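K.L.:
fold the following.
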Amino acid sequence: MGISRVSNKLKAVLFNSKFILFCRIIIGFVFIYASIDKIANPLEFSDTIDNYQILPVAINSLIALILPWVELIIGVFLISGIYLKGTSILSTGLLLMFIILISQALYRGIDLHCGCFKTFVDPNFTDLRGEMIRRIGEDILLVIGSFLVSLTSLKKENIKE
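P.N.:
Prediction:
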């Protein structure tokens, strides 16, 4: 019975409308902030994507042009609550993709600046592996929040039907 009570209290906190709004605002601002430098510097962002050594350069350039605008739209929509179901699912998917991309680079021994928020790296900064691990941790927290927003938006839609 004690575990059931704890579980119910945890659900009450995690699915509280104020907590979900807090998650939406934080994740939305993170996406907006992440998009700004990439929109301003698409060539540098394309070079950053090249460092992951996954896709051909032509595709990286296309991604560098489109992804920052998608991030900006997701951020604005999360904060404003527009198309919340689709936006929250997209944000969860993108965050999972970011975790996978950084993790595979880390696993393959590629020390890189992730390009998450800035397209350039300070040449004096040397702890790239540490930054990559920290970014994975941050993205895990964000994906949990985004997943909660997704569950809540899906739950509200099912209630309306």
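
K.L.:
shaky segments in this structure?
P.N.:
1-3, 5-6, 10, 117-126, 156-161 (pLDDT under 70).

K.L.:
so in it, which helix runs the longest?
P.N.:
When the chain is parsed with DSSP state H, its longest helix is helix 128-160.

K.L.:
just how off-centre is that helix within its chain?
P.N.:
Between the centre of helix 128-160 and the centre of its chain there are 7 Å (Cα atoms, centre = their mean, to the nearest Å).

K.L.:
next one: stretch 46-66
P.N.:
Its chain's C-alpha centre and that of stretch 46-66 lie 18 Å apart, by Cα atoms, centre = their mean.

K.L.:
for that stretch, which positions count as buried?
P.N.:
Going by neighbour count (16 or more other Cβ atoms under 10 Å), the buried part of stretch 46-66 is 46-52, 60-61, 63-64. All C-beta spots, glycine's among them, are computed from the backbone N, C-alpha and C.

K.L.:
contacts only, for the one residue sitting closest to the centre of the chain.
P.N.:
A centroid search over the chain (Cα atoms, centre = their mean) returns Leu95, at 3.5 Å, as the residue closest to the centre. Contacts for Leu95 (Cβ atoms under 8 Å, 6 or more residues apart in numbering) come out as 139, 142-143, 146.

K.L.:
just the helices in the protein please.
P.N.:
Using DSSP H, the helices of the chain run over 2-14, 17-40, 42-50, 57-80, 84-107, 128-160.

K.L.:
let's have those in TSV, adding distance to Cys114.
P.N.:
Listed next are the helices of the chain as TSV, based on distance: least, Cβ to Cβ, whole Å:
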stretch	distance to Cys114
helix 2-14	28
helix 17-40	10
helix 42-50	8
helix 57-80	13
helix 84-107	6
helix 128-160	5
